[in-house]
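**Q** Please work out how this folds:
(2 chains)
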Protein chains: 2
Amino acid sequence: MEREYTMKLQLAIDLLSVPDALALLHKVAPYVDVIELGTPLIKQEGLDVVTDIKAAYPEKLAFADMKTMDAGELEADLAFKAGADIMTVLGLAGDSTITGAVKAGKAHGKAVVADMIGVTDKPRRMKELKALGVSWVELHWVWMSRRRQGIRLRICWKWAEMLRFRFRLRVASIQSESKELNPPARRLRLRARQSMERRIRKSLRSVYGKESNTWDSANLL
Amino acid sequence: MEREYTMKLQLAIDLLSVPDALALLHKVAPYVDVIELGTPLIKQEGLDVVTDIKAAYPEKLAFADMKTMDAGELEADLAFKAGADIMTVLGLAGDSTITGAVKAGKAHGKAVVADMIGVTDKPRRMKELKALGVSWVELHWVWMSRRRQGIRLRICWKWAEMLRFRFRLRVASIQSESKELNPPARRLRLRARQSMERRIRKSLRSVYGKESNTWDSANLL
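**A** Purely as a prediction, here's the structure:
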């Protein structure tokens, strides 16, 4: 089976105000396909942030990282009404929360994605989430915690192929300069990210025999 | 061991706008000790809702139901800066998220509470959460799902006594009239709530030999 993977670049806005988010996007939006509004940003500013960003960049996909645990239909409906193209539920959430969000997604013609953070038995839950109707799952692969919580990339691909289910691997968010990171820490972080990206490319080549990406965007919405 | 349990009434504001929340509180605030700002309300309106409510009712405790799953210190800090006296993390969250939130709670002199929704092995996780420094846990006992997810009240007390750990049992939120519930459903719901309250009182009497309450507020903050 030959599958086509096209690349989409998703930028997570981990800033905390609408003006800061807009200022950052003003610089980088041409290079970005999907604009992710982070959970802390949504909680701080409210869902108006999605409306404002979508109004400024209507051609981009707005990804509302709601991390919904409860009241799935209500929270998904709020996110989609605000202008989100994609919203997240927690894979850990109860099935009724997932199906509620999926119901709202269908009503709006938008995508509900399950964030697999904290899920122990990932392949099993991915299978269930697919049956419950989520569009794809989001697997975290944060370099800082990869030893403890990291997921080997080839295993992700194996799961995805096995379940014929799409996933997005969250590798690293582009973050604003953090005051908490001193220059050596920033260099270390940059090196780790570069190393990780090399490993991803290598892994993708070994699986697909070509440069590829972790986003299957063929049927995004 | 004789413990004194005093009653605090916590009202969950499950409305979706600051004006609606203020209008409801205008009617009921005299009867309420703790004002809970629901997760969907916070996501819809942003944390300004906490600031606005706390400004209007500075003598009440503001409970921000953040349901934080990630970025514990950041999200707790945002909630406390906005004026929350209490914020919630998910008991399902990773330990680093919990300790981050607890760190922010200590810095602000405020309480971090773990919401036990979705936790399978509750006594075990409660023990861990106590060690991690959360102030108390929140156990859901929603009548509509009590058959599937319900927790027997005597078991909650047993855990709490065993761990010498406080908990709050979320029994039922006072909700605005829901358009989705037709009159027979509302009556059914009311009857179920009354029946549940009778069972709680009975259970408390059987455990403590007197009318009591599920909130131990002696050392709330």
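**Q** What ranges in chain A fall below the confidence cut-off?
**A** Counting by pLDDT under 70, chain A shows low-confidence ranges at A:1-8, A:140-221.
**Q** how about the strands of chain A, start to end?
**A** For chain A, applying DSSP state E gives strands covering A:10-13, A:34-37, A:61-68, A:86-90, A:111-115, A:136-140, A:167-170.
**Q** quick one, what contacts whichever residue of chain A sits closest to chain B?
**A** Nearest residue of chain A to chain B: A:Gly46, at 3.1 Å (C-beta to the nearest C-beta). Just so you know, the C-beta spots here come from the backbone N, C-alpha and C atoms, and that holds for glycine as well. When contacts are counted by C-beta atoms under 8 Å, 6 or more residues apart in numbering or on different chains, A:Gly46 is found next to B:Ile42, B:Lys43, B:Gln44, B:Glu45, B:Gly46, B:Asp48, B:Val49.
**Q** what's the most distant pair in these?
**A** Farthest pair in the contacts of A:Gly46 (C-beta to C-beta) is B:Lys43 and B:Asp48. Separation: 12.3 Å.
**Q** Compare the two and say which is more crowded by neighbours.
**A** Neighbour totals were compared for B:Lys43 and B:Asp48, and B:Lys43 leads with 29 against 15 (other C-beta atoms under 10 Å in any protein chain shown).
**Q** quick one, phi/psi of A:Gly109?
**A** When read as degrees, to the nearest 10, the backbone of A:Gly109 gives phi 70, psi 40.
**Q** Now that A:Leu24 has come up, it's in contact with A:Leu16, right?
**A** No: counting by C-beta atoms under 8 Å, A:Leu24 does not reach A:Leu16; the two are 11.5 Å apart.
**Q** Among the contacts of A:Gly46, which are located in helices?
**A** Residues of the contacts of A:Gly46 located in helices (DSSP state H): B:Ile42, B:Lys43, B:Gln44, B:Glu45, B:Asp48, B:Val49.
**Q** which ones are touching A:Leu25?
**A** A:Leu11, A:Ile13, A:Val32, A:Ile35, A:Ile53, A:Ala56, A:Tyr57.
**Q** ok, and the closest non-adjacent residue to A:Gly94?
**A** Distance criterion C-beta to C-beta, 6 or more residues apart in numbering or on different chains; nearest residue to A:Gly94, sequence neighbours excluded, is B:Gly118 at 6.4 Å.
**Q** Alongside chain B, which residues does chain A contribute?
**A** By C-beta under 8 Å from any C-beta of the partner chain, the part of chain A that sits against chain B consists of A:16, A:39-40, A:42-49, A:66-67, A:69-71, A:74-75, A:78-79, A:90, A:92-94, A:117-118, A:149.
**Q** give me that answer again for 6 Å
**A** Along chain A, the residues adjacent to chain B under the rule C-beta under 6 Å from any C-beta of the partner chain are A:40, A:42-47, A:67, A:69, A:71, A:74-75, A:78, A:92, A:118.
**Q** what's the neighbour count on the nearest residue to A:Asp70 once chain neighbours are set aside?
**A** Excluding the flanking residues, the one nearest A:Asp70 by C-beta to C-beta, 6+ apart is A:Thr97, at 5.9 Å. Neighbour count for A:Thr97, taken as other C-beta under 10 Å: 24.
**Q** between the strands of chain A, which gets nearest to B:Asp20?
**A** Closest among those, using C-beta to C-beta: strand A:61-68, at 20.7 Å.
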